[in-house]
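Colleague: Sequence and predicted structure are below.
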Amino acid sequence: MAPKAKPKQAAAAAPAVSLEDLFTSLNRHIQQSEFDLAIKVSDQVLSIAPGDEDAIRCKVVALIKNDSIDDALSAIEEFSKKSAVDFSFFKAYCLYRQNKLDDALKSLKGQEGNSATMLLESQIFYRLGKMDECVDIYQKLQKSKIDLLETNLVAGLVSAGRASEVQGTMDSLRVKPTSSFELAYNVACSLVERNKYKDAEQLLLSARRIGQEKLMDENCTDEEIELELAPIGVQLAYVQQVLGNTQEAFESYSSIIKKNLADKSSLAVAVSNLIALKGPKDVADGLRKLDKLIEKGDGPLTFRLAHGLDLKLSQKQKEAIYANRVLLLLHSNKLDQARELASALPGMFPNSIMPVLLQAAVHVRENKANKAEEILGQFANKFPDKSKIILLARAQIAAAAGHPQIAADSLLKIQDIQHKPATVATLVSLKERAGDIDGADAVFNSAIQWWSNAMTEDNKLDVIMQEAASFKLRHGKKDEAARLYEELVKSHGSIEALVGLIQTAAHTDVEKAESYEKQLKPLPGLKGIDVESLEKTSGAKHIENGPTLGIPEAYEPKNKEKTKKKRKRKPRYPKGFDPANPGPPPDPERWLPKRERSSYRPKRKDKRAAQIRGSQGAVVKEATSSVNSKSNEAASSKGTSQNASTEHTKPSSKSRKKKSRN
């Protein structure tokens with residue numbers, strides 16, 4: 001028998017694997033998404049041919065596909081020194097995955113404007129919040145045959161606040177919203193932004209149905225289908241919430257959170273929306289749910305959103321989560337934590353007004369209304385284009401804090417609502433509270449001038465003039481009030497204005513009042529009233545369940561027959577009572593308690609005990625002996641009979657035991 005070969009000799013005898021076989025194996029692993037094996041085979045190829053560019057690219061791509069981003073960047077740095085391959089695109093993608101977006105854009109500079117580079121650049125702009133730049137790139141790629149281009153373009157338009165352009169874009173691309181469930185979802189989001197909630201609800205239901213059919217055809221499991229369609233479920237629950245179907249929305253949110261079959265971003269949105277739906281109810285549960293979405297951090301903010309959420313959620317979604325947390329902390333009286341988080345939000349969301357509103361809310365909760373008014377006023381002066389909501393909040397805080405002048409000044413800075421009746425009424429009320437009657441009068445005059453020049457169908461000039469005339473009359477400006485009433489009568493012919501004019505002119509110009517009084521139309525059916533007989537009546541009587549509206553009938557006095565007198569019935573007396581001899585009258589105090597009657601005399605207390613003298617506890621022998629003798633005499637007659645009865649009826653202990661056994 002031949003001796004066995006040694007291991008070294010066997011290795012030497014084994015034939016070497018050719019590069020062609022290695023590349024065949026490498027291609028098979030990549031096609032089957034076996035990226036771990038692809039990395040090993042790439043290393044084998046590079047051990048044989050260290051500078052092979054195809055093997056280098058395969059290894060870098062396999063590392064990226066395997067989510068080994070740090071290893072991919074290390075390999076890029078290593079191969080960049082040894083090879084002439086341009087790894088700028090791969091490096092930019094790795095930096096994008098690490099959320100180093102500015103560095104990723106720098107790495108893409110100088111690259112050719114091919115579709116792959118432009119798509120990556122658009123994704124970077126999307127994550128940076130530069131939606132207009134993102135949309136511009138997608139519009140340039142419309143002629144390219146790229147999968148999901150329409151879906152991404154619609155998503156970019158919605159995020160850029162250009163939801164009104166979605167329908168025109170769909171028409172130009174000649175694509176129906178229901179061509180895929182992803183596109184239907186994004187188009188539904190555009191409808192939500194345009195407040196078309198009913199249409200959005202129907203499209204979301206269609207998107208869920210289309211998605212279920214497609215994923216079932218791909219043999220996906222129920223859990224995979226639910227995970228893929230979770231964003232549609234969350235958005236549908238939000239639409240139901242806005243439409244007022246709060247119970248359905250509550251059940252949808254709770255089901256998504258309980259099953260935990262949604263992706264992290266959809267789950268976070270569901271939690272935030274559920275907290276907003278519940279409001280101040282169950283604050284502790286809301287804080288517990290938000291704690292699952294955060295992780296501890298360093299610096300001024302002791303926590304932040306988990307890394308995966310921070311990358312996937314939009315700025316608007318992240319801001320809503322932080323805002324809900326501040327409000328929950330305020331409701332639970334954790335003012336220190338609320339103040340800390342609110343102070344960190346302006347740096348996180350510099351282009352938003354929500355952090356300033358939250359800071360003001362914290363100050364109001366701390367009874368520092370002056371501080372809240374100050375920071376809101378500073379922000380309004382610094383950013384006048386975003387000042388409308390800020391000034392409204394400042395006016396509300398000042399009015400609640402008893403600062404009517406500050407509230408009025410805040411409202412006066414919002415130019416586009418000055419002429420509205422609600423604003424005019426609020427300003428006049430605030431000016432009156434502040435004692436500025438002339439300022440309130442100026443508000444009315446300005447509103448009258450604006451509506452006089454306004455060319456609108458729904459003109460409110462008559463309403464404003466009516467209230468202004470009433471205000472002027474109330475504050476002694478009778479001539480101006482009469483002038484306004486007269487203009488109303490001439491322009492609109494209002495009966496209310498005519499009555500007001502007559503009442504006002506009666507104080508200053510009686511002749512004018514009488515002349516306008518003739519314009520009042522007499523009420524029908526009131527010609528036959530006899531004034532003298534009407535004055536003799538006792539007045540109108542209230543009729544229950546009578547008519548509340550209508551024209552009264554003509555009053556015509558008639559000689560009515562005398563009403564029949566009611567027959568007096570004989571009184572009924574008690575049995576045996578003689579009305580001729582009634583006897584003494586009954587006591588008028590017979591129904592009062594005895595102690596409240598005038599004849600009541602309380603019983604006198606025995607004062608003999610007070611005559612005993614001596615030290616405390618001492619008793620006079622004579623007194624004690626007399627008391628004892630009386631008590632013994634009284635008890636002697638009862639003693640024998642009571643003892644006999646007790647002895648006869650009292651059972652023995654043995655009989656009780658027998659009964660207990662039975």
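Modeller: Nice, thanks for sending it over. Keep in mind the model is a prediction, meaning the values are calculated, not measured.
Colleague: In the stretch 551-662 of the chain, where is pLDDT below threshold?
Modeller: Residues of the stretch 551-662 of the chain meeting the criterion pLDDT under 70: 551-565, 605-662.
Colleague: ok, now the chain?
Modeller: Across the chain, the ranges flagged by pLDDT under 70 are 1-17, 296-303, 307, 492-495, 499, 505-531, 534, 538-565, 605-662.
Colleague: per the record, what domains does it have?
Modeller: Domain assignment for the chain by the TED database gives 17-111, 367-416, 418-519.
Colleague: check contacts around the closest residue in space to V356 that isn't next to it in sequence.
Modeller: Closest residue in space to V356, ignoring its immediate chain neighbours: F379 at 4.8 Å, by CB to CB, 6 or more residues apart in numbering. The way it works is simple: take the backbone N, C-alpha and C, and place the C-beta from them, glycine included. Neighbouring residues of F379 by CB atoms under 8 Å, 6 or more residues apart in numbering: 353, 356, 386-387, 390.
Colleague: Please point out which parts of the host helix or strand of L327 sit buried.
Modeller: Element membership for L327 (DSSP states H and E) is helix 315-331. Of the residues in helix 315-331, 318-331 count as buried by neighbour count, 16 or more other CB atoms under 10 Å.
Colleague: will you turn those into JSON lines that also has distance to D458?
Modeller: Listed next are the buried residues of helix 315-331 as JSON lines, based on distance: CB to CB, whole Å:
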{"residue": "K318", "distance to D458": "41"}
{"residue": "E319", "distance to D458": "36"}
{"residue": "A320", "distance to D458": "35"}
{"residue": "I321", "distance to D458": "40"}
{"residue": "Y322", "distance to D458": "40"}
{"residue": "A323", "distance to D458": "36"}
{"residue": "N324", "distance to D458": "38"}
{"residue": "R325", "distance to D458": "42"}
{"residue": "V326", "distance to D458": "40"}
{"residue": "L327", "distance to D458": "37"}
{"residue": "L328", "distance to D458": "42"}
{"residue": "L329", "distance to D458": "44"}
{"residue": "L330", "distance to D458": "40"}
{"residue": "H331", "distance to D458": "40"}
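Colleague: Those: which two are farthest apart?
Modeller: Greatest spatial distance in the buried residues of helix 315-331: K318 and H331, 20.8 Å, computed using CB to CB.
Colleague: Identify each buried residue in the helix or strand hosting Q337, please.
Modeller: Per DSSP H and E, Q337 falls inside helix 335-348. Buried residues in helix 335-348, counted by 16+ other CB under 10 Å: 337-342, 344-345.
Colleague: CA atoms only for that helix, dumped as CSV, please.
Modeller: Output in CSV follows, covering the C-alpha atoms of helix 335-348 (Å, rounded to 0.1, in the frame of the first residue of the first chain):
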residue,chain,number,x,y,z
LEU,A,335,-40.6,72.4,33.7
ASP,A,336,-36.9,71.9,34.0
GLN,A,337,-36.8,69.3,31.3
ALA,A,338,-39.2,71.2,29.1
ARG,A,339,-37.1,74.4,29.4
GLU,A,340,-33.9,72.5,28.6
LEU,A,341,-35.4,70.8,25.5
ALA,A,342,-37.2,74.0,24.3
SER,A,343,-33.9,76.0,24.5
ALA,A,344,-32.1,73.4,22.3
LEU,A,345,-34.7,73.3,19.6
PRO,A,346,-33.9,76.7,17.9
GLY,A,347,-30.5,75.3,17.0
MET,A,348,-31.9,72.1,15.6
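Colleague: spatially speaking, which residue is in the middle of this structure?
Modeller: A276 (5.0 Å; CA atoms, centre = their mean).
Colleague: pretty sure it contacts R325?
Modeller: No: if you go by CB atoms under 8 Å, A276 and R325 don't touch, sitting 11.5 Å apart.
Colleague: Could you give the number of residues near L227?
Modeller: 17 (other CB atoms under 10 Å).
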